[in-house]
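Trainee: Mind folding the following:
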Amino acid sequence: MDSDCLVKLTKAEAKELVIEHLEVYIPPLVKKETVDEAKERGYQDAFIIEENLSNKGLHVGKHKRKASFAVPVAKGEYEVISLYLDGGYDAIASDDRRFLKKLAALDIPYLTPTACIIYLFKAGKIDKRKALNILDGLRPFVSDEEYMISRFYLERKS
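Mentor: Residues are numbered from 1 along each chain as shown. A predicted model of the protein is given here:
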């Protein structure tokens, strides 16, 4: 998971549910951005993320090999993709549109914050009412399009 997705799920109070049902790994640079640097700036979500790391609900994973990609990537993106390519992961979670385009170009599966909630619903981990409530919490942090498509999907399911 990248910083963008982790922070949005935290602010929407949805991260706890996601890490309860999914095994979530972040690379060291994401930890540095979302905990170390964020604490220095006084962001309260940094303390919540740090607590998740302490109680092992969230994991820091280090990539083992150097990789090069067909598309240019920033340092944080490099760590997220390299960790994914080390294996054992199903997808990358992000809400950064530019990064998602790069993942698509590299044929790497990804989830957005709302897709994480849809996945939990489809897997039977949460009911529709809970999923809709979480989506409403995510609404200020995601695009209108992503919110509306996710809401439309959930409302059509029984």
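Trainee: Next SSE downstream of the helix or strand bottoming out on mean pLDDT in the chain?
Mentor: Every helix and strand in the chain was compared by mean pLDDT, DSSP states H and E; the lowest is helix 75-85, with a mean of 89. Downstream of helix 75-85, the next assigned helix or strand under DSSP states H and E is strand 92-93.
Trainee: Partner strands of that following strand and their direction?
Mentor: strand 110-111 (parallel) (DSSP bridges).
Trainee: Let me see the mean pLDDT of the strand it pairs with.
Mentor: Strand 110-111 shows an average pLDDT of 96 in the prediction.
Trainee: Other residues contacting it?
Mentor: With contact meaning Cβ atoms under 8 Å, 6 or more residues apart in numbering, strand 110-111 is reached by 5, 91-94, 100, 103-104, 119. All C-beta atoms are positioned from the backbone trio N, CA, C, and that covers glycine.
Trainee: now do 10 Å
Mentor: 1-2, 5, 18, 22, 80, 84, 90-95, 99-100, 102-104, 117-119 (Cβ atoms under 10 Å, 6 or more residues apart in numbering).
Trainee: Kindly report the same for stretch 25-38.
Mentor: 1-7, 10, 43-53, 58-63, 74-84, 86, 88-89, 93.
Trainee: buried set for it?
Mentor: 25-27, 29-35, 38 (16 or more other Cβ atoms under 10 Å).
Trainee: pLDDT weak spots in the chain?
Mentor: The model of the chain has pLDDT under 70 over residues 70, 158.
Trainee: for it, what spans make up the helices?
Mentor: Applying DSSP state H to the chain gives helices spanning 3-11, 15-21, 28-31, 38-40, 44-54, 75-85, 97-105, 113-122, 128-138, 144-156.
Trainee: Packed most tightly, which of those helices would that be?
Mentor: helix 3-11 (a mean of 24; mean count of other Cβ atoms under 10 Å).
Trainee: what distance separates that one from the centre of its chain?
Mentor: Chain-centre distance of helix 3-11: 6 Å, with Cα atoms, centre = their mean, to the nearest Å.
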